[in-house]
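*Asks:* Turn this into a structure:
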Amino acid sequence: MEETYKIKVGITQGDINGIGYEVIIKTLADLRVNEFCVPIVYGSSKAASFHRKALNIENFNLNVINNPTEANPKRSNIINCGDENIKVELAKSTEEAGKAAFLALERATSDLKEGLIDVLVTAPINKKNIQSEKFNFPGHTEYLQDRFSTKGEKGLTLLVSDVLRVAVVTGHVPIQKVASYMTIDSIVSKLNDLNHTLKQDFAIQRPRIAVLGLNPHAGDGGVLGDEEEEIIIPAIKKATDMGVTCFGPYAADGFFGAGSFKSFDAVLAMYHDQGQVPFKCIAMDSGVNYTANLPVIRTSPVHGTAYDRVGIGNASEESFRNALYLACDIFNCRKQYEQLSKNRLKKQDVEISGHVD
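*Replies:* Got it, this is the predicted structure:
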């Protein structure tokens, strides 16, 4: 009997002075993970050992390898990236930590590009100390878009939990500039990308998408702003004409307060905090950040480096664990979607040739 394929999951260490290694180790210490995937951490065995001892976790070690082809399919593995004498300084933002985070990310994305790993799960970085000549991006999403966009795709940040999925039109944009970034075409583009993602990556055949307004009370018919009337409503109509099942615009406060999001497969918010604040209130410990609309699969926990919780041992690994699970689920969904698409094309070819009545 053919053995079930195990997905190779690349895991980047993130900021070595944050809670990254704590959530990684706690997740991988559950040996059930090794039943369906092969975890490969990109980082530092020395830093991992430091955190393991600080957490007083016994009977867990990472298998040191040089490249993914050497990975033990029954163990959690680690590839050393950068300086072997790296210094861990808990809860501190250091230049050394930023450099280590980038080197791990650079090596992991290179292996992902070469097909040596199947998916990528990233532990939190410090967006300031990682900045350099080689990393001049607001975060992971923009970096991955730069590395993997082959047809002009733009990464779509999608927050995912068991009860809510949220995407945003404008991401890391100052609040005073949000309205200037909003156009009919930009909203339609996001709706199309989100619709495709829900089908391809979540196996939802006919997604229902809720669209939020920009202004309080969704503009109150133009009394509190005209973006809804002039931009958002025309965008919804245009996307609907293109086959996207979307509704709105909804006033964000009432929409989330009344639990209306439960009636939809996803929500498109206009700006970062409009979508992220309610999501994190609902699923801070369990939610996942997914970079959709790229040829590769990357997920991460929704929390940051959490310096204030480092070394205590009470950081929850649930969000990171769910990020690992989701990456594997999406990998399988994409394989299924690809196969179904091929079968549909074959059927269409047969029908066109006249062999099907």
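*Asks:* what about the residue positioned nearest the centre of the chain, is that helix, strand or coil?
*Replies:* Nearest residue to the geometric centre of the chain (CA atoms, centre = their mean): residue 290, 1.7 Å. Here residue 290 is recorded as strand under DSSP: H, G, I helix; E, B strand; the rest coil.
*Asks:* Hmm, residue 155 and it touching each other?
*Replies:* No - Residue 290 sits out of contact with residue 155 when judged by CB atoms under 8 Å, with a separation of 9.9 Å. (Each C-beta comes from the backbone N, C-alpha and C, glycine too.)
*Asks:* tell me which helix or strand of this protein sits lowest on mean pLDDT?
*Replies:* Here the helix or strand of the chain ranked lowest by mean pLDDT, DSSP states H and E is helix 318-353, holding a mean of 82.
*Asks:* Buried residues in that helix, which are they?
*Replies:* Neighbour counts over helix 318-353 (16 or more other CB atoms under 10 Å) mark 318-331, 333-334, 337 as buried.
*Asks:* got the angle for that helix vs strand 288-292?
*Replies:* Following axes from the mean of the first three to the mean of the last three CA atoms, to 10 degrees, one obtains 30 degrees for the angle between helix 318-353 and strand 288-292.
*Asks:* Check which helices and strands helix 318-353 sits against.
*Replies:* For helix 318-353, the elements it packs on are strand 7-12, helix 20-28, strand 37-43, strand 119-122, helix 184-202, strand 288-292, strand 298-301, judged by 3 or more CB pairs under 8 Å, 6 or more residues apart in numbering; DSSP states H and E.
*Asks:* Now do the second one: everything it contacts.
*Replies:* The one in question is helix 20-28. 11, 13-14, 33, 39, 41, 43, 47-48, 50-52, 55, 57, 60, 62, 76, 123-124, 301, 305, 310, 313, 315-317, 319-321, 324 (CB atoms under 8 Å, 6 or more residues apart in numbering).
*Asks:* switch the cut-off to 7 Å
*Replies:* The contact list for helix 20-28 (CB atoms under 7 Å, 6 or more residues apart in numbering) reads 11, 13-14, 33, 39, 41, 47-48, 51-52, 55, 57, 60, 76, 123-124, 301, 305, 315, 317, 320-321, 324.
*Asks:* Tell me the buried residues within those.
*Replies:* Buried members of the contacts of helix 20-28, counted by 16+ other CB under 10 Å: 11, 13-14, 33, 39, 41, 47-48, 51-52, 55, 76, 123-124, 301, 305, 315, 317, 320-321, 324.
*Asks:* avg pLDDT for stretch 20-27?
*Replies:* The average pLDDT within stretch 20-27 is 97.
*Asks:* I'd like the distance from that stretch to the chain centre, please.
*Replies:* Relative to its chain's centre, stretch 20-27 lies at 17 Å (CA atoms, centre = their mean, to the nearest Å).
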